[in-house]
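[1] quick one, fold the following:
(one chain, ligands or ions: 1)
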Amino acid sequence: MNVLMIAPPGAGKGTQGVVIAAHFDIPHIATGDLLRDHVARGTDLGRQVRDYLDRGELVPDEVVLTMVREALEATDRRGYVIDGIPRTMDQARALYDIGVEMGSTADVALHLEVDDEELVRRLLARSSKEGRSDDTEGVIRRRLALYYEVTHPILEWYGERGILVSIDAMRPADQVGRQILTALEVVRQMVDGDPEHPRRPIDLTGLGRAFGRTD
Ligand code: ADP
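    Presented below is the predicted three-dimensional model:
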């Protein structure tokens, strides 16, 4: 199962990416995490991208594409969930070419829908906990504007290819996770129409607790 996640900042790509990866036992490749890790480790790449991240601007395509290609090459090719790329039409096309080359184009483009007010609220709440340098109000507004300008339009392209799945992600994280896995299990049955791969039950026992709920 090859999944791309496309959603505005704060919609829950990271959180749900982990849930999808665990359920399908596939690697989670998050471009933002990989870039922040380079910055934290002070690598050459980290020094190159630091300013872009702090300003909420997109880092150059060749940097992210090389990074993602390497991450994909390091997997065992049984699937992936990628979050953070594509962010532009050019990246979408480039990622498709990489997928064709590696025999692993996306099976589903998963779009998480959340309204702007809620996105800003979530990002500001996160900033007080995680202290990400780009979670200040001004930079959040810039990231959101950029999302609508260059990222949101590519959803139509995935829609035309027939692989777009949109999920209402306004609700609590565990409910959103449940809905995503239900939708992806349906896709998986179509993708792996192979009796050797029987449908996995959607076991979400404890997911609410994993997200901090006590009921
Ligand atoms: P968010 O979706 O909340 O903005 P991410 O962790 O996905 O957070 O990305 C953080 C930052 O990393 C972006 O603002 C951008 O600077 C950089 N980045 C991540 N993915 C890409 C990409 N595909 N192309 C260009 N820049 C990227």
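[2] when you work out contacts or count neighbours from here on, use the C-alpha atoms and nothing else.
    Will do.
[3] just for the chain, where's the confidence low?
    Segments of the chain classed as low confidence (criterion: pLDDT under 70) are 193-215.
[4] please report how far the residue nearest the centre of the chain lies from Gly17.
    In the chain, the C-alpha closest to the average C-alpha coordinate belongs to Asp83, at a distance of 2.1 Å (Cα atoms, centre = their mean). For Asp83, the distance to Gly17 equals 7 Å [Cα to Cα, to the nearest Å].
[5] what touches both of those two?
    Listed contacts common to Asp83 and Gly17 are Met5, His28; contacts here mean Cα atoms under 8 Å, 6 or more residues apart in numbering.
[6] returning to that earlier point: which residues does the residue nearest to the centre of the chain bridge with?
    Beta bridges link Asp83 to Met5, Ala30 when assigned by DSSP bridges.
[7] can you offset everything so residue one is 207?
    Sure thing, new numbering starts at 207, so read that last one as Asp289.
[8] give the full set of residues in contact with it.
    When the contact criterion is Cα under 8 Å, 6+ apart, the partners of Asp289 are Leu210, Met211, Ile212, Lys219, Gly220, Gly223, His234, Ile235, Ala236, Thr237.
[9] my read: the fourth one touches Val225, true?
    No: in this structure, Lys219 sits apart from Val225 without contact. The criterion is Cα atoms under 8 Å, and the distance is 9.9 Å.
[10] who wins on neighbours among the contacts of Asp289?
    Using other Cα atoms under 10 Å as the neighbour criterion, Ile212 leads the contacts of Asp289 with 26 neighbours.
[11] how far does the helix or strand hosting Met396 sit from its chain's centre?
    Element membership of Met396 [criterion: DSSP states H and E] is helix 379-397. Mean C-alpha position of helix 379-397 versus that of the full chain (Cα atoms, centre = their mean, to the nearest Å) differs by 15 Å.
[12] repeat that for stretch 224-232.
    Here stretch 224-232 is found 12 Å from its chain centre; the criterion is Cα atoms, centre = their mean.
[13] in it, which residues are buried?
    Of the residues in stretch 224-232, those with enough neighbours to count as buried (16 or more other Cα atoms under 10 Å) are Val224, Val225, Ile226, Ala227, His229, Phe230, Ile232.
[14] let me know the secondary structure of the first one.
    When states are read from DSSP: H, G, I helix; E, B strand; the rest coil, the local structure at Val224 comes out as helix.
[15] show me what from this protein comes close to the ligand.
    Contact residues, the chain versus the ligand (Cα under 6 Å from any ligand atom): 214-216, 237-239, 258-259, 262-265, 267, 270, 290-293, 349.
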